[in-house]
Each structure stands twice: as structure tokens, then as C-alpha cells.
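[1] sequence first, then the predicted structure, then my questions.
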Amino acid sequence: MTTFEEKSLKDWIIYLNYVGIAPKHEEVRAMANKMLAARGTTPRIIVGANWLPIFVNRSGELEIRISQTRDLVRTNSETPEIFSEWFARVRSTISEFGIIDDDVYNVDETGFAIGMLAPSAMTP
């Protein structure tokens, strides 16, 4: 991948983490392959089996973390500071994308993450 493509991929991973969805390894590989496919080269180029850890090391900002069960995460993360930071991110996202109050819904704690958790994920 070019430097620009890798920066774009890294920015995408960081953004997903910002909104609370750490991408799974296969999602990162799929996005990288989509970016390579957009070049329109023949034969089609895809990332190799060892590409992901090399990309993570080269990025300098990303790391691979193993997901933990929800109960352990909750035990270690229920502090007023963390809640304040989360609500600040929600307000920032609402402002950034011009979301109106009528488009904001109450969803339980797992509503946004159904099917999104994996044994490991990419994080900044």
C-alpha cells in the first residue's frame, strides 16, 4: 500500500475507535483489500497473511488488543471521568454531523455493538 493508503486506513481505524467500534482484524484486511482493488490493477492485489502485524508496527499509533468480557470491562471502566468523556464524544459527534434531536434514540448498552465484538480488535 502507498503511504497515503496506509494513512487513510490508520485514520479510519482511529475514527472507528473514536466512535466506539474497534474494527476486527478481518475488517481491517477487507478495507485494505478494497483500497487496493480501487486501483483497478490486473491481476488484483491483496494484502498478505503477515501484512496486519507489520502494518500495525509501522503505523506507530496502533496496537492489537484482545477483547475482554463486558463484565470485566465494566468493572474497570465505570468512573465519572470515563462517563464524562463518553458524553463529550457523543456531543461532539452530534455537533460534527449536524444530528437533530429527533434522530437520537435510546438504545441499550449493547444495541450499537451487536455482532461487532471480536476476540481481538485494532485500537489507537
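    Structure received.
[2] quick one, helices of the protein?
    Here the chain has its helices, by DSSP state H, at 3-18, 25-37, 51-59, 70-77, 80-97.
[3] I'd like those as TSV, with mean neighbour count and distance to residue 44 appended.
    The way it works is simple: take the backbone N, C-alpha and C, and place the C-beta from them, glycine included. Shown next, in TSV, are the helices of the chain (neighbours: other CB atoms under 10 Å; distance: least, CB to CB, whole Å):
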stretch	mean neighbour count	distance to residue 44
helix 3-18	15	15
helix 25-37	16	6
helix 51-59	15	15
helix 70-77	10	39
helix 80-97	11	34
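[4] least reliable of those by average pLDDT, please.
    Per-stretch mean pLDDT for the helices of the chain is lowest at helix 70-77 (a mean of 70).
[5] now do that one against helix 80-97, angle only.
    Taking axes from the mean of the first three to the mean of the last three CA atoms, to 10 degrees, one finds that helix 70-77 is oriented at 100 degrees with respect to helix 80-97.
[6] what about residue 8, distance to residue 54?
    Applying CB to CB, to the nearest Å, one obtains 17 Å for the distance of residue 8 from residue 54.
[7] and for residue 76?
    Noted for residue 76: a distance of 31 Å to residue 54, by CB to CB.
[8] kindly report the same for residue 13.
    Using CB to CB, residue 13 is found at 15 Å from residue 54.
[9] same thing with residue 100?
    43 Å.
[10] could you do residue 22 as well?
    Following CB to CB, the distance that separates residue 22 from residue 54 is 19 Å.
[11] ditto for residue 104
    Here residue 104 is placed at a distance of 40 Å from residue 54 (CB to CB).
[12] contact partners for residue 71?
    For residue 71, no residue counts as a contact, taking CB atoms under 8 Å, 6 or more residues apart in numbering as the criterion.
[13] repeat that for the one 5 residues further on.
    Under the criterion of CB under 8 Å, 6+ apart, residue 76 has no contact partners.
[14] now do residue 9
    Shown in contact with residue 9 (CB under 8 Å, 6+ apart): 1, 28, 31, 32, 35, 55.
[15] what pLDDT is listed against the residue nearest to residue 53 when sequence neighbours are not counted?
    If you skip the residues right next to it in sequence, residue 53 has residue 64 as its closest partner in space, 7.3 Å away by CB to CB, 6 or more residues apart in numbering. The model reports residue 64 with a pLDDT of 86.
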